[in-house]
Structure formats: C-alpha cells, structure tokens
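Student: Here is my input, please return the structure:
(one chain, ligands or ions: 1)
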Amino acid sequence: MRNFMKSAALVAALCTSGTVQAQEDITITLVPGLTTDAFYITMNRGAQAAADALGITVDFQGAEEFDPVLQTPVLDAVIARGPDAILIAPTDTTQMIEPLRRAHDAGITVVTVDTFIDDGKYQDGAGDGDFPMAYVASDNVGGGRMAARFMAEAIGGEGQVYVSNVRPGISTTDQREEGFKAEMAENFPSVTVLDTQYNENDASLAASQFSAVLARNPDIKGVFGANLFSALGAGNGVEGAGKADDVTVIAFDAPQSIVDNISSGLVDAAIAQHPAEIGYFGVMAAYAVLTGNSVPVSIGTGFTVINAGNVDDPEITKFIYSE
Ligand code: T6T
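Tutor: Model prediction:
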C-alpha cells in the first residue's frame, strides 16, 4: 500500500509537462545526528525553506544524543511511516549502513546530509553503503586543514596542540582531524599534534580533558575543537585553567556561545559551516530524485570564518547557528 502511494506521488510529480512544480503529497523526513544541536536545528531551517519553496512537507525526527544505538529505532519508526525520502546525518559510518539499507529496500530514497556511511562515495558500484542517491555536506578534510593553518599562524608555527574530538567512526569529525593533522605534517613540521581527546559530545568532559592535557604538557599552545561541543568544552577548559592568554582555541561550528567566546577573546576563530545550505540542498536533491531528475552524487556547501575582526559584521553573523 505504501509503495502504491509512493508511486502515485511519483506519477503525479512526473506528470508536470516538463516543469518542476509543487507536489503537496511528497513527504521527506530529516533525521539529524541529534535534535538539540544548533547545527541540526539550523539545517532544519534550510530544509523547511526548501519545502516551502517546493510546496512539499519535510518533518524532523531524531534522537537526543548523537548515537547509532539511539538513531536506529528513530529511523525504523520513520521507515514504518513511509516517507518518499529520508535525509539523514548518519551517526556512524558502518553501524548505520544496515539500518539505512532497510529504508532503501522499502523503496525510500536515501540522501545523507552532513555525515556519510561507508566511504561516502555513493552510486559508484562499490561498497556496502553505495545506495544513497547523494551526499550534501561541508568539505570536512578542507575545513580541518583550514583550522590547522589558523592554529599554526596563531601559535607562531611551533609548539604542542591537540584535537578535541567526539569519537572515532563519525565521518565529519574523523575527516576534520585527518585534514588538521595532514596540514600540520605537510606544512608546519614544528607543530606537534598530541593524542586526540575523545569527549562523546560532552562539553564538560572536553573541558576537564583540557586540564588533564595541561597537567601533562604545561607548554600546550592550542586546542582544535572539531565540533560544536568539543570547541565549547575546549574553550571552557582553557578559561577555567586561566590560560586564555596562552592557549589558542580554534573552533569548528558557530553557535552563539562560541561567537560570544570570540568576542571575549577566548576563541581565536570559528569555522562556521552552512547547515541551512545543507538542509536546503538536501531537500532539493531528494526532490529532484523523486521527480525523475538526476542529481550530483556529491554536493559541497560552504564555510564562513568568524574571528575578532568580523564578529560584528551582519554579513558574517547571519551564519551564526539558530538555537
Ligand atoms: O559539527 C556538527 C556536524 O557537522 C558533525 O557531524 C557533528 O557535530 C555537529 O553537529 C556539531 O555539534
């Protein structure tokens, strides 16, 4: 029955004499990494803008923590309701392949946003997780390289730094760390990158990890917070240790709290992703597939760097994430 209704929506969408037009019966569900993260709240804002433009329905269903064990039952419930497409930020590159295959097998179009499954190269005939139709995201390796360049410049090209990260197995944050380390190794050989500290998206843990790293390495020069919670925690840890004048914090992501830390001088720079763009183009990609059009298998979205020099510019602050 569900498949019949899906085909009816598709036929309606295709009978448009060659023009793309609103199809009120197309439904798409956006499944974020977690519902309470300003990054995904902003992504949903972009997704809703695209839904309004197309006259379709997009809903937002997710878990409260970034965890494949919690994301899977949410996804199963979404599959049972049978939307035409699922846009999802999978919370693990391998553990979310089989749950997402269930969506694909049910005839639901899968597009991944922000994070990917498998190797992230879809529709190339290789790998277990080849079935999503598109991946819409920031260039996370490139973003990690940018963070390394800002860090190296701020610390004078030498000294010890570390990456505060979430956990291995998340495509985005793995790639940011990879890019950060590659840039340091290739272009800043006098910077030593210490062992990564994994915080499970817990900013308090990230803050206490800074104290522990500082105790072992009193000359530590910098911390790269590889996502919102890592960066927030790193900044709090540096502040709590009274090291704001000595330790550089480079943040990935730009909620208001991190932007406030730029204004106060605690954080040197934040690499703001464009999550609204990810949501907007994710919906557009799914809609294109559902209406019989081809889509690029990979769609890259932009960054805006926020620092003390531009933190009050409205052209920049429009990229601060919604709360
Ligand atoms: O950095 C974003 C997102 O890109 C990443 O995949 C997970 O963490 C965030 O949601 C920020 O908390």
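Student: Around the ligand, which positions in the stretch 201-323 of the chain sit nearby?
Tutor: 227-229, 252-253, 273 (C-beta under 6 Å from any ligand atom). Heads up, the C-betas are built off the backbone N, CA and C, glycines and all.
Student: Let me have these in JSON lines, extended by neighbour count.
Tutor: Output for these, formatted as JSON lines (neighbours: other C-beta atoms under 10 Å):
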{"residue": "227", "neighbour count": "25"}
{"residue": "228", "neighbour count": "24"}
{"residue": "229", "neighbour count": "25"}
{"residue": "252", "neighbour count": "30"}
{"residue": "253", "neighbour count": "23"}
{"residue": "273", "neighbour count": "29"}
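Student: Assign a three-state SS to residue 224, would you?
Tutor: Using DSSP: H, G, I helix; E, B strand; the rest coil, the structure places residue 224 in strand.
Student: and it, how many residues sit next to it?
Tutor: Other residues lying near residue 224 total 30 when counted by other C-beta atoms under 10 Å.
Student: just residue 292 next, same as before
Tutor: Residues near residue 292, counting by other C-beta under 10 Å, number 11.
Student: and what of the one 10 residues further on?
Tutor: Using other C-beta under 10 Å, residue 302 is surrounded by 12 other residues.
Student: ok, now residue 168?
Tutor: Neighbour tally, residue 168, other C-beta under 10 Å: 12.
Student: thought it was touching residue 198?
Tutor: Yes - Residue 168 lies in contact with residue 198 (C-beta atoms under 8 Å); the separation is 7.3 Å.
Student: How is residue 272 assigned, secondary-structure-wise?
Tutor: strand.
Student: what's near enough to touch the closest residue to it other than its chain neighbours?
Tutor: Excluding the flanking residues, the one nearest residue 272 by C-beta to C-beta, 6 or more residues apart in numbering is residue 254, at 3.5 Å. Shown in contact with residue 254 (C-beta atoms under 8 Å, 6 or more residues apart in numbering): 270-273, 304, 306, 319-321.
Student: Next, format the residues you listed as a markdown table and append pLDDT.
Tutor: Shown next, in a markdown table, are the contacts of residue 254 (pLDDT from 0 to 100):
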| residue | pLDDT |
| --- | --- |
| 270 | 98 |
| 271 | 98 |
| 272 | 98 |
| 273 | 98 |
| 304 | 98 |
| 306 | 98 |
| 319 | 98 |
| 320 | 98 |
| 321 | 98 |
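Student: Helix or strand next in line after the helix or strand bottoming out on mean pLDDT in the chain, which one?
Tutor: Of all the helices and strands that make up the chain, helix 2-14 has the lowest average by mean pLDDT, DSSP states H and E, namely a mean of 42. With elements assigned by DSSP states H and E, the helix or strand that comes after helix 2-14 is strand 27-31.
Student: Any chance you could list what contacts that next one?
Tutor: The set of residues external to strand 27-31 that reach it, using C-beta under 8 Å, 6+ apart, is 43-44, 47, 51, 56-62, 71, 74-75, 78, 81, 83-89, 113, 279, 282-283, 286-287.
Student: hmm, which of those are the buried ones?
Tutor: Neighbour counting with 16 or more other C-beta atoms under 10 Å marks 43-44, 47, 51, 56, 58-62, 71, 74-75, 78, 83-89, 113, 279, 282-283, 286-287 as buried within the contacts of strand 27-31.
Student: For residue 245, grab the count of nearby residues.
Tutor: Residue 245 has 8 nearby residues by other C-beta under 10 Å.
Student: which phi and psi does it have?
Tutor: Main-chain torsions, residue 245, degrees, to the nearest 10: phi -80, psi -20.
Student: Make residue 1 into 26 and carry on from there
Tutor: I'll keep to 26 as the first residue from here, and by that count the last item is residue 270.
Student: any idea how far it is from the ligand?
Tutor: Residue 270 sits 27 Å away from the ligand, going by C-beta to the nearest ligand atom, to the nearest Å.
Student: per-residue confidence at that residue?
Tutor: Residue 270 is assigned 97 on the pLDDT scale.
Student: does residue 108 really touch residue 133, like I thought?
Tutor: Yes - using C-beta under 8 Å, residue 108 is in contact with residue 133, at 6.4 Å.
Student: Quick one: mean pLDDT over stretch 110-117.
Tutor: Throughout stretch 110-117, pLDDT has a mean value of 98.
Student: Just the strands from the stretch 126-275 of the chain, written as ranges.
Tutor: Applying DSSP state E, counting those that start in this stretch to the stretch 126-275 of the chain gives strands spanning 134-138, 159-163, 184-190, 216-218, 222-223, 247-250, 273-277.
Student: mind checking which of these is nearest residue 127?
Tutor: Minimum separation from residue 127 across the strands of the stretch 126-275 of the chain (C-beta to C-beta) falls at strand 134-138, 10.1 Å.
Student: how about residue 310, what does it touch?
Tutor: For residue 310, the contact set (C-beta under 8 Å, 6+ apart) comprises 136, 158-159, 161, 320-321, 324.
Student: Actually, residue 148.
Tutor: Contacts here follow C-beta under 8 Å, 6+ apart; on that basis residue 148 touches 155-158, 322.
Student: Recalculate using a threshold of 10 Å.
Tutor: By C-beta atoms under 10 Å, 6 or more residues apart in numbering, the contact set of residue 148 is 155-160, 320, 322-323.
Student: Brilliant, that's me finished.
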